[in-house]
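structure, please.
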Amino acid sequence: MRVSNYLLSAFQSLVPFANSLRTLPHHLWNAPLKPEKWSTRAVIGHIMLWDKHFLQEAIRPIAEGKPLTLKSIDFNDFNREAAAYANETSPEQLLNECVSVREELFKLLSELSPEKWGASYTDGDGKPFTIEEYLEDFVSHDRHHREEIERFIAG
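This is a model prediction of the structure:
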C-alpha cells in the first residue's frame, strides 16, 4: 500500500494548488499561458472535467462493484468542450467544482480495499484498467499543467 499512499498523496495535492488560485488576478486567470495555449481557467476546467469523467466512468463503478463504463473518446473534442465549459463558468465555481470532484475521487480511492487496488478491470472497450496506472497518469498530467501555470504566474 506504500505506492498507493504516495500516489494518493500526490493526487490529492491538486486541491491546495487549486485553492491557491482563488486569489489569482482576473487578467492572469484568463490570459493564455503561452501564445496559442490555454489559459489557467481552461486548464483547470480541463483537469476538473477529466476528473469528473473518470469518477463517473471508472472510479465510482469500481467502488460500487459495478462494471466500468469508461470508453475511448476523442481527446481533442473532449478538451475543446472542457475549455468552452471553463470559459463560460466563473473562476470561483470552476475551482469549487475542481476541488469537489478531486476530493470525491480521493475519498473513494482511499476507501477501496487492497483487493480492489490490486485488481485489473476491463473498461468499456475491453482494455485493462488499473487504479495504479490511472493515478500515475493523472499525477503526471497534473504535474505538467501545474508547472505550466506556476511558470506563467512567476512571469
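
where in this structure is pLDDT low?
Residue ranges of the chain with pLDDT under 70: 1-3.

how about the helices in it?
2-12, 14-20, 26-30, 40-54, 60-63, 75-87, 91-111, 114-118, 131-154 (DSSP state H).

can you redo those as TSV with mean neighbour count and distance to Thr69?
Just so you know, the C-beta spots here come from the backbone N, C-alpha and C atoms, and that holds for glycine as well. Formatted as TSV, the helices of the chain follow (neighbours: other Cβ atoms under 10 Å; distance: least, Cβ to Cβ, whole Å):
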stretch	mean neighbour count	distance to Thr69
helix 2-12	15	21
helix 14-20	16	24
helix 26-30	13	33
helix 40-54	22	10
helix 60-63	18	6
helix 75-87	15	15
helix 91-111	17	15
helix 114-118	12	17
helix 131-154	15	15
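
redo those helices as TSV? Include distance to Asp125.
TSV is the format used below for those (distance: least, Cβ to Cβ, whole Å):
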stretch	distance to Asp125
helix 2-12	24
helix 14-20	27
helix 26-30	36
helix 40-54	14
helix 60-63	14
helix 75-87	14
helix 91-111	21
helix 114-118	21
helix 131-154	15
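
pretty sure Thr69 contacts Glu57?
Yes. Using Cβ atoms under 8 Å, Thr69 is in contact with Glu57, at 4.8 Å.

neighbour count winner among these two?
A direct count of neighbours by other Cβ atoms under 10 Å for Thr69 and Glu57 places Glu57 higher, at 17 against 12.

grab the nearest non-local neighbour of Asn30.
Leaving aside its chain neighbours, Asn30 sits nearest to Ser39 (5.1 Å; criterion: Cβ to Cβ, 6 or more residues apart in numbering).

re the thing from before, quickly list what's touching both of Thr69 and Glu57.
Gly124 (Cβ atoms under 8 Å, 6 or more residues apart in numbering).

about what we covered before: the helices of the chain: which one's closest to Gly124?
helix 60-63 (10.0 Å; Cβ to Cβ).

what's that closest one packed up against?
Applying 3 or more Cβ pairs under 8 Å, 6 or more residues apart in numbering; DSSP states H and E, we find helix 60-63 packed against helix 91-111.

also compute the angle for the helix it packs on relative to helix 2-12, please.
170 degrees (axes from the mean of the first three to the mean of the last three Cα atoms, to 10 degrees).
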